[in-house]
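1. Structure, please.
(2 chains)
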Amino acid sequence: MPKVKIPRKSTHVDMTAFCDVAFLLLSFFMLATQFKPDEATKVETPKSVSSDTIPTKDAFLVTFDKGGRVFITYDDAEKKKALLGKINADKAVGLTDQEIAKLNKAMEAGIGVPFNMLKSLASKEIAEIPKVNQPGIPVTDTLNNELKLWIAELLAVNGGTKPKNVMLKGDNGTNYPTFINVLDAFTKNGIYNFKLITMPENVPGGTYLYDERTSGKKDKK
Amino acid sequence: MADIESGGGGGHKKGPGVKKSKKLSTRVDLTPMVDLGFLLITFFIFTTTMSSPTAMKLNMPDDTAKDDEKNKAKESGALTILLGKNDQVFYYEGKLAEDGSNFKRAIFGRTQGEKTGIRDVIIDKKKKLGENADKDMVVVIKPNDESTFKNTVDILDEMTINGVKKYALVKISDPENQVVKISEQGVK
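-> The predicted model follows:
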């Protein structure tokens, strides 16, 4: 009987296709990723059913964390500079132009120090500033609500026009007085409209909003 | 992949005694590369924030408004929600009775078992008012100093969920705060 020759098959699998898929996915995720912007403090926001997107233009952001520390961020570079300049002049902080530029940069992540500490914050190297443990802008005391002064100066710099978007970002665990003090600082300056930054959440079934959204009516809120 | 003859010396028949030089494969093992690819993918998946944050509108009243413009709420349509520490919710309808008999405890969300959910309280109130609900119903939210920002956002969200048109965030009064404190002590 002739021997039946069984062809010996290689166990080697061609990985090229697999590799292609891996890198395709990799490039997708790399392009889709938006890295979180620098933040002066870590904040875990509450959830809400709201579906509005976060406005990015002319946005004045106040962040308050678990410990009640308050930070401010403003995205308009020109106005931010003018604001810091005015604070410098009015509060006799004694910053040099260079230091103002530094604070301007630091404000992208958030500034959270009382006026009397601005100088020492600005005197640090630019790379060191994010590492500083900032105590937060004082808001608790009604007599010494510095956030109120910040906003008053902001309005003065802008010639009385309010920033289009005032956003508040708070931590789940922030106690209520901090929140209401921040609100107070704005309402005392005549700003009444806010946007709270939250994480999206599903609308619970069987409720008014659920019916409204599923019936295809436009969401007015 | 095409195999390429490594040129020259690699012939088959060299005669006896001549050592056969090994034919080198040009095939590269891609397994480590795939590993690396997927490692990076996992990294990007974890760092990506897929659900971007949303903005929730909050409009505060102009507190420079004259006093006589305030307090227009009808007693029948008023629902006051009080927030205490450790996510505790209390509510009363209309005015707070002297003996505190209409002061009740609730929990966030829906009713669960014997615990009344604040959502059902709002829905019931709306039903009771019927057609006038949009006009007459006013929910007054009074968080006390020990409640958290999360509680406030949750209850404001509840207004949106249930379509309450009029609601206000108001400072808690001393008697109310005391009632809340006493009630809190009752339950751990």
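2. going forward, measure contacts and count neighbours with C-alpha atoms only.
-> OK.
3. any idea which element A:Leu183 lies in?
-> Secondary structure assigned from DSSP states H and E places A:Leu183 in helix A:176-187.
4. Report the mean confidence score over that helix.
-> For helix A:176-187, the mean pLDDT works out to 82.
5. can you list contacts of it?
-> A:64, A:68, A:139-140, A:145, A:147-148, A:151, A:170, A:192, B:60, B:62-63, B:143-149, B:152 (C-alpha atoms under 8 Å, 6 or more residues apart in numbering or on different chains).
6. The helix or strand containing A:Lys195 near chain B at all?
-> Using DSSP H and E, A:Lys195 maps to strand A:193-200. Yes: using C-alpha under 8 Å from any C-alpha of the partner chain, strand A:193-200 reaches chain B at A:193-200.
7. Buried ones in that strand, by neighbour count?
-> By neighbour count on 16 or more other C-alpha atoms under 10 Å in any protein chain shown, the buried set for strand A:193-200 is A:193-200.
8. Then stretch B:86-98?
-> So, applying 16+ other C-alpha under 10 Å, buried residues of stretch B:86-98: B:88-94.
9. So the residue minimising distance to the centre of chain B versus A:Arg213, what's the distance?
-> The centroid of chain B falls nearest to B:Asp154 when counting by C-alpha atoms, centre = their mean (7.4 Å). B:Asp154 sits 19 Å away from A:Arg213 when distances are taken as C-alpha to C-alpha, to the nearest Å.
10. Now B:Lys166. Nearest residue, chain neighbours left out?
-> B:Val138 (5.0 Å; C-alpha to C-alpha, 6 or more residues apart in numbering or on different chains).
11. I meant A:Pro204, not that one.
-> Leaving out its chain neighbours, the residue that sits closest to A:Pro204 by C-alpha to C-alpha, 6+ apart is A:Tyr210, at 6.6 Å.
12. burial measure for residue 152, as a count.
-> Defaulting to chain A. Residues contacting A:Ala152 under the criterion other C-alpha atoms under 10 Å in any protein chain shown number 17.
13. you looked at the wrong chain, it should be chain B
-> Neighbours of B:Thr152 using other C-alpha under 10 Å come to 22.
14. Next, the angle from the one helix or strand it maps to to helix A:176-187.
-> According to DSSP H and E, B:Thr152 maps onto helix B:149-162. Going by axes from the mean of the first three to the mean of the last three C-alpha atoms, to 10 degrees, helix B:149-162 is angled at 70 degrees with respect to helix A:176-187.
15. for helix B:149-162, the distance to its chain's centre please.
-> Relative to its parent chain, helix B:149-162 has a centroid offset of 9 Å by C-alpha atoms, centre = their mean, to the nearest Å.
16. Please enumerate residues in contact with the helix or strand just after it?
-> Next helix or strand after helix B:149-162 toward the C-terminus (DSSP H and E): strand B:166-169. With C-alpha under 8 Å, 6+ apart as the contact definition, strand B:166-169 has outside contacts at B:60-61, B:134, B:137-142, B:159.
17. Okay, and which of those map to helices?
-> Of the positions in the contacts of strand B:166-169, B:134, B:159 sit in helices, assigned by DSSP state H.
18. need the strands for chain B, in chain order.
-> With DSSP state E, the ranges of strands along chain B come out as B:54-59, B:78-83, B:89-93, B:104-106, B:138-143, B:166-169.
19. Can you add distance to A:Leu155 and mean pLDDT and give these back as JSON lines?
-> Listed next are the strands of chain B as JSON lines, based on distance: least, C-alpha to C-alpha, whole Å; pLDDT from 0 to 100:
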{"stretch": "strand B:54-59", "distance to A:Leu155": "19", "mean pLDDT": "81"}
{"stretch": "strand B:78-83", "distance to A:Leu155": "34", "mean pLDDT": "83"}
{"stretch": "strand B:89-93", "distance to A:Leu155": "38", "mean pLDDT": "84"}
{"stretch": "strand B:104-106", "distance to A:Leu155": "42", "mean pLDDT": "79"}
{"stretch": "strand B:138-143", "distance to A:Leu155": "30", "mean pLDDT": "84"}
{"stretch": "strand B:166-169", "distance to A:Leu155": "25", "mean pLDDT": "81"}
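20. what pLDDT does B:Leu39 get?
-> Note for B:Leu39: predicted pLDDT of 90.
21. Surely A:Lys162 and A:Ala156 touch.
-> No: A:Lys162 is not in contact with A:Ala156 according to C-alpha atoms under 8 Å; the separation is 9.5 Å.
22. Which one's more surrounded, these two?
-> Neighbours per residue (other C-alpha under 10 Å) separate A:Lys162 from A:Ala156, with A:Lys162 holding more: 17 against 14.
23. Next up, phi/psi of the closest residue to B:Thr48 other than its chain neighbours, please.
-> The shortest distance from B:Thr48 to any residue that is not its chain neighbour, by C-alpha to C-alpha, 6+ apart, is 5.1 Å, and that residue is A:Thr33. When read as degrees, to the nearest 10, the backbone of A:Thr33 gives phi -70, psi 130.
24. the longest helix in chain A is where?
-> helix A:16-32.
25. Same question for that helix: list its buried residues.
-> A:16, A:18-19, A:22-23, A:25-27, A:29-30.
26. which one of the buried residues of stretch B:86-98 sits closest to B:Val179?
-> B:Phe90 (9.7 Å; C-alpha to C-alpha).
27. tell me the contacts of the closest residue to the closest one other than its chain neighbours?
-> Excluding the flanking residues, the one nearest B:Phe90 by C-alpha to C-alpha, 6+ apart is B:Arg105, at 4.4 Å. The contact partners of B:Arg105, taken as C-alpha under 8 Å, 6+ apart, are B:88-91, B:116.
28. Could you tell me how far B:Arg105 is located from B:Gln178?
-> Here B:Arg105 is placed at a distance of 14 Å from B:Gln178 (C-alpha to C-alpha).
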